[in-house]
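Chemist: Output the structure for:
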Amino acid sequence: MHPHDLNRANGSESVDEATLVAALRAGQEWAFEVMVRTFGGRLLAVARRFTRNEEDARDIVQTAYLSAFRALHTFSEQAQLSTWLHRIVVNAALMKLRSRKRKPEESIEPLLPTFQADGHHVEEFADWAAPADALLEREETRATVRECVSQLPDHYRTVLLLRDIEELSTQEVAETLGMTPTAVKVRLHRARQALSTLLRRHYAVPPRMTTAARNP
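Modeler: Okay, here's the model as predicted:
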């Protein structure tokens, strides 16, 4: 089937995934074009979450396409092509991050809440301390949340994305990154606190002093 024969709905191409996968397996050039046109934008957006470099993001997607072609024989007809490609892009992004020369880990300390001498937080941050996926459900703040997530140091951003956005379990994140589950939980907690700080700064939300801080 030629791409012009694909059904159109809502003014855009509606891809018959079974037909598209069969054509991809047959090496049909039009199928690749349709795949890129249909899924390319979303896949690039996923890659951008894991790297702040546009060139790296595009490399990740290209690597993912190659990996997908090599693994087409493993694609299950019961699965969604978009979900399958999404997972391949995430894996390609993680491989890209691992392939970088080891460099000192960026400090997240400037973005973490400070404490009073008695151990209480100097400020409350509950308003912006929700998991990233919950924050992204707020339409009015979605773009800002994505931008703030992109500012997190790589090691923390990756854990946050895998746990909150990709919805992997703590154990799955630990296995994927070669960390202990406890280390994942600590890093995720710190990443959420840092994201909270960045969001407060963006919206210029004044610190709310805790009761202990107001009444020492």
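Chemist: mind giving me the domain split of this structure?
Modeler: Annotated domains of the chain cover 3-99, 109-214 [automatic domain parsing].
Chemist: For the protein, give me the ranges with low pLDDT.
Modeler: 1-15, 100-105, 113-141, 204-216 (pLDDT under 70).
Chemist: residue closest to the middle of it?
Modeler: Centroid-nearest residue in the chain, with C-alpha atoms, centre = their mean: Leu161, separated by 4.1 Å.
Chemist: Quick check: which element contains the nearest residue to that one once chain neighbours are set aside?
Modeler: Spatial nearest neighbour of Leu161, excluding adjacent residues (C-beta to C-beta, 6 or more residues apart in numbering): Arg49 at 5.5 Å. Every residue, glycine included, has its C-beta placed from N, CA and C. Assigned by DSSP states H and E, Arg49 falls within helix 29-50.
Chemist: Let me see the residues that make contact with that helix.
Modeler: Contacts to helix 29-50, defined as C-beta atoms under 8 Å, 6 or more residues apart in numbering, come from residues 2-3, 6, 13, 15, 20, 23-24, 54, 56-58, 60-61, 64-65, 81-82, 85-86, 89-90, 92-94, 96-97, 146, 149-150, 157-158, 161, 165.
Chemist: all helices for the protein, in order.
Modeler: Under the criterion DSSP state H, the chain contains helices at 17-25, 29-50, 54-70, 81-99, 132-136, 142-150, 154-160, 170-177, 181-202, 211-214.
Chemist: can you pull the buried residues of the first one?
Modeler: Put plainly, it is helix 17-25. Neighbour-count burial for helix 17-25 flags Glu17, Thr19, Leu20, Val21, Ala23, Leu24 (criterion: 16 or more other C-beta atoms under 10 Å).
Chemist: and the gap between the residue nearest to the centre of the chain and Ala22?
Modeler: Note on Leu161: its distance to Ala22, by C-beta to C-beta, to the nearest Å, is 33 Å.
Chemist: nearest to Glu109, of the helices of the chain?
Modeler: Glu109 lies closest to helix 181-202 among those, at 9.2 Å (C-beta to C-beta).
Chemist: What is that closest one packed up against?
Modeler: helix 132-136, helix 142-150, helix 154-160, helix 170-177 (3 or more C-beta pairs under 8 Å, 6 or more residues apart in numbering; DSSP states H and E).
Chemist: Could you rerun that using 7 Å?
Modeler: Packed against helix 181-202 by the contact rule (3 or more C-beta pairs under 7 Å, 6 or more residues apart in numbering; DSSP states H and E) you find helix 142-150, helix 154-160, helix 170-177.
Chemist: Just the CA coordinates for that helix, please, in CSV.
Modeler: Below are the C-alpha coordinates for helix 181-202, written out as CSV (Å, rounded to 0.1, in the frame of the first residue of the first chain):
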residue,chain,number,x,y,z
PRO,A,181,16.8,1.3,44.9
THR,A,182,17.7,3.4,47.9
ALA,A,183,20.0,5.6,45.9
VAL,A,184,17.2,6.0,43.3
LYS,A,185,14.8,7.2,46.0
VAL,A,186,17.3,9.7,47.4
ARG,A,187,18.1,11.1,44.0
LEU,A,188,14.5,11.3,43.0
HIS,A,189,13.6,13.1,46.3
ARG,A,190,16.4,15.6,45.7
ALA,A,191,15.4,16.1,42.1
ARG,A,192,11.8,16.9,43.0
GLN,A,193,13.0,19.4,45.6
ALA,A,194,15.3,21.0,43.1
LEU,A,195,12.5,21.2,40.5
SER,A,196,10.3,22.8,43.2
THR,A,197,13.0,25.5,43.7
LEU,A,198,13.3,26.2,40.0
LEU,A,199,9.5,26.5,39.7
ARG,A,200,9.3,28.9,42.6
ARG,A,201,12.1,31.0,41.1
HIS,A,202,10.3,31.1,37.7
